[in-house]
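Any chance you can model this:
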Amino acid sequence: MADKGTGKERFATKWGLILSVLGIAVGTGNIWRFPRIAAENGGETGAGAFLVAWAIFLFMWSIPLIIAEYGIGRNGRKGVIGSYMKMAGEKFAWLGAFVGFVATAIMFYYSVVAGWSLYYFVESIIAPLPQNVEEANMVWNGFQSSIMPSVFHAIMITLGGLVILKGVKSIERMNKILIPSLLLVLVISLFRALTLEGSGAGITYLFTPDWATLKEPRIWLEALTQNAWDTGAAWGLILTYGAYMRTKDDITISAFQTGIGNNLVSLTAAVIIFSTVFGTLGGDMTDSQVLDIMRDSGPASTGLTFMWMPQLFEVMAGGKFFAIIFFLGLTFAAFSSLISMIELATKVFVDMGVTRTKATIAVCSAGFLFGLPSAISLDVFANQDFVWGIGLMVSGGLISFAVMKFGTENFRTTLVNNEHSRFKLGKWWSFIIRYVIPIEVISLLTWWIYLSATSFAPDTWYNPLSPFSVATVLLQWGVAIVLFKIYNRKIAKKTMLN
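Now for the predicted structure:
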């Protein structure tokens, strides 16, 4: 493989593509985030209504944007900025840069979460499982007060860099191992969880709808945000892998396989978590008490996965083995997503003429340094998760804008429905991209600003140093946007020259 980006690298097989894109989509958002969000947004009788809203956004947000990303990436054969420019024009390189930076900013702290996962996998092997809340807190607090979060952050981003050094062939080979292994781990965990006495109460709650909850706009905001987290839609990651997509691969079929496959993994993870929590605590607690534990997310939303799950495994027959399996699966999920984030940033620099080796080293070094504050401070971590997680909605709007600049119908009929397409994409997709996505972005961003000013940080919404304020988000977004706008011409020129 040539060291510089020639645009000729491809995934060797269709399954290599699908497994690699599932590697993007299936991450800690499915296992660490989704069960907690489902519990937090459930009503008195169940979380099924939230699942309905979440499923709606799979078809009204994620899959349409995944189709767009595949098409933009395959058409441009470059990273986020180069392919975005080919759609929207050179003067909009700064918008493509912002899309790429949102995912890269998430990479900085996502590597920290991947490090937590690896640490708990090692801890579950070498140490006894905690027997109560106090012991679980001691493990967590001892870990967080040490240098170990930074060490494991460094390990994960270094391992990711080693995969990226070899390019798409290495990414494909790694995901052919990681994703089937992860699915096997989930199947084993699912079987054990379903055999727990009382697990049925958890499943019943998960799938029972409380329709009244859908009257709350917050539920829809959470459902869209979670689906974006789940699928990786609008991160620019699928766009990056789309550059390696073979011409004969069907974009529409691939997008549906990616989106539906990912959401099935999320549901499986939720069934495992709900069954385990209800199955181990249900005998001594009421359902509402169990749900309170699931909803109490703990510091930086870590409570359920890193503090409660080890305790639950301790009281479970064979719990030591299943704790190891669970955290191994979580580590695989985190790592497969992390390598896609490193590849996104690396590909941008390769497009600018930097060798892949130098680009990978630079990206991983920056990833380690900019991730250190999140590794050291949970307050910084929570702020970054808040700021850039919301940024995914903006990225969705920018992907939609690029398609509209190219021509939505032209995109659908020439880039998606080519001579190799077995499933022809209908005009419904054009309607969603042109009208529904922009309305979703504007409506949900407006609602989020209202929530931030009235609920998240009502007294400090104007203070950029307040971790959950409107001001901190606008300041951090603004700095990135201004810099990319200033250097737009230089970014475009370097990208197009190579």
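
all contacts plus neighbour counts: C-alpha atoms, from now on.
OK.

mind listing the strands in this protein by residue range?
Remark: no strands are assigned in the chain by DSSP state E.

was I right about residue 49 contacting residue 215?
No. Using Cα atoms under 8 Å as the test, residue 49 is too far from residue 215 to be in contact (10.3 Å).

which of those two has more neighbours?
Under the neighbour definition other Cα atoms under 10 Å, residue 49 and residue 215 were set side by side, and residue 49 has more, 23 against 9.

next one: phi and psi at the closest residue to that one other than its chain neighbours?
Excluding the flanking residues, the one nearest residue 49 by Cα to Cα, 6 or more residues apart in numbering is residue 209, at 4.4 Å. Dihedral angles of residue 209 (phi, psi; degrees, to the nearest 10) stand at phi -80, psi 140.

wait, what's in contact with residue 209?
By Cα atoms under 8 Å, 6 or more residues apart in numbering, the contact list for residue 209 reads 43, 45, 46, 47, 48, 49, 50.

let's see it at 6 Å
Neighbour list for residue 209: 46, 47, 48, 49 [criterion: Cα atoms under 6 Å, 6 or more residues apart in numbering].

do the same with residue 461
Residue 461 is in contact with 453, 469, 470, counting by Cα under 6 Å, 6+ apart.

Centroid-nearest residue for the chain?
Closest residue to the average C-alpha location of the chain: residue 229 at 3.9 Å, with Cα atoms, centre = their mean.

Could I get the pLDDT score of the closest residue in space to residue 357 that isn't next to it in sequence?
Of all residues not flanking residue 357 in the chain, residue 165 sits nearest, at 5.8 Å (Cα to Cα, 6+ apart). With respect to pLDDT, residue 165 scores 93.

repeat for the one 10 residues further on
Predicted confidence (pLDDT) at residue 175: the value is 91.

The residue nearest to it when sequence neighbours are not counted and residue 205: what is the separation?
Nearest non-adjacent residue to residue 175, counting by Cα to Cα, 6+ apart: residue 20, 5.3 Å away. As judged by Cα to Cα, to the nearest Å, residue 20 and residue 205 stand 33 Å apart.

and the two? which has more neighbours close in?
The neighbour comparison of residue 20 against residue 205 (other Cα under 10 Å) goes to residue 20, with 29 against 23.

from memory the more buried one sits against residue 176, does it?
No. Residue 20 is beyond contact range of residue 176, at 7.5 Å (criterion: Cα atoms under 6 Å).

Please name the residues that touch residue 462.
residue 471.

give me phi/psi at it?
Main-chain dihedrals, residue 462, degrees, to the nearest 10: phi -90, psi 0.

per-residue confidence at it?
Residue 462 carries a pLDDT value of 90.

can you check residue 277 too?
Residue 277 is given a pLDDT of 88.

now do residue 109
95.

hang on, isn't it packed against residue 372?
No. Using Cα under 6 Å, residue 109 is not in contact with residue 372; the gap is 8.1 Å.

ok, the two, which is more surrounded?
Between residue 109 and residue 372, residue 109 has the larger neighbour count (other Cα under 10 Å), namely 25 against 22.

Could you list the low-confidence segments of the stretch 301-450 of the chain?
Applying pLDDT under 70 to the stretch 301-450 of the chain picks out residues 301-303.

Residues in contact with stretch 423-435: which ones?
Stretch 423-435 has contacts (Cα under 6 Å, 6+ apart) with 400, 408, 417.

hmm, try it at 7 Å
With Cα atoms under 7 Å, 6 or more residues apart in numbering as the test, stretch 423-435 has contacts from 60, 64, 252, 253, 400, 404, 408, 409, 412, 417.

what do you get for stretch 50-64?
Residues from elsewhere that reach stretch 50-64, judged by Cα under 7 Å, 6+ apart: 38, 41-42, 219-220, 223-224, 227-228, 231, 233, 255-256, 259, 429, 432-433, 437.

would you turn the contacts of residue 209 into CSV with distance to residue 82 and pLDDT?
Formatted as CSV, the contacts of residue 209 follow (distance: Cα to Cα, whole Å; pLDDT from 0 to 100):
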residue, distance to residue 82, pLDDT
46, 45, 93
47, 42, 94
48, 41, 95
49, 40, 96
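
ok, and the most crowded of those?
Going by other Cα under 10 Å, residue 47 tops these with 25 neighbours.

Any figure for the gap between that one and residue 59?
Distance from residue 47 to residue 59, by Cα to Cα: 19 Å.

Give me the neighbour count for the residue nearest to the residue nearest to the centre of the chain when sequence neighbours are not counted.
Residue nearest to residue 229 in three dimensions, not counting chain neighbours: residue 29, with 5.8 Å by Cα to Cα, 6+ apart. By other Cα under 10 Å, 23 other residues sit near residue 29.

Was I right to think residue 29 contacts residue 231?
No. Using Cα atoms under 7 Å, residue 29 is not in contact with residue 231; the gap is 8.7 Å.

which residues of the stretch 1-150 of the chain score low on pLDDT?
Applying pLDDT under 70 to the stretch 1-150 of the chain flags residues 1-7.

just the helices in it please.
Remark: helices assigned in the stretch 1-150 of the chain by DSSP state H, counting those that start in this stretch are 14-25, 28, 34-40, 48-57, 63-76, 80-88, 93-126, 133-144, 148-164.

Residue 313: which of those is closest?
For residue 313, the closest of these is helix 93-126, at 10.0 Å, according to Cα to Cα.

Pull out the buried residues from the closest one.
93-121, 123-125 (16 or more other Cα atoms under 10 Å).

Can you lay out the contacts of stretch 423-435 as JSON lines showing distance to residue 240 and neighbour count?
Formatted as JSON lines, these follow (distance: Cα to Cα, whole Å; neighbours: other Cα atoms under 10 Å):
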{"residue": "60", "distance to residue 240": "22", "neighbour count": "18"}
{"residue": "64", "distance to residue 240": "16", "neighbour count": "25"}
{"residue": "252", "distance to residue 240": "17", "neighbour count": "23"}
{"residue": "253", "distance to residue 240": "18", "neighbour count": "15"}
{"residue": "400", "distance to residue 240": "16", "neighbour count": "25"}
{"residue": "404", "distance to residue 240": "20", "neighbour count": "18"}
{"residue": "408", "distance to residue 240": "20", "neighbour count": "20"}
{"residue": "409", "distance to residue 240": "23", "neighbour count": "17"}
{"residue": "412", "distance to residue 240": "19", "neighbour count": "21"}
{"residue": "417", "distance to residue 240": "20", "neighbour count": "20"}
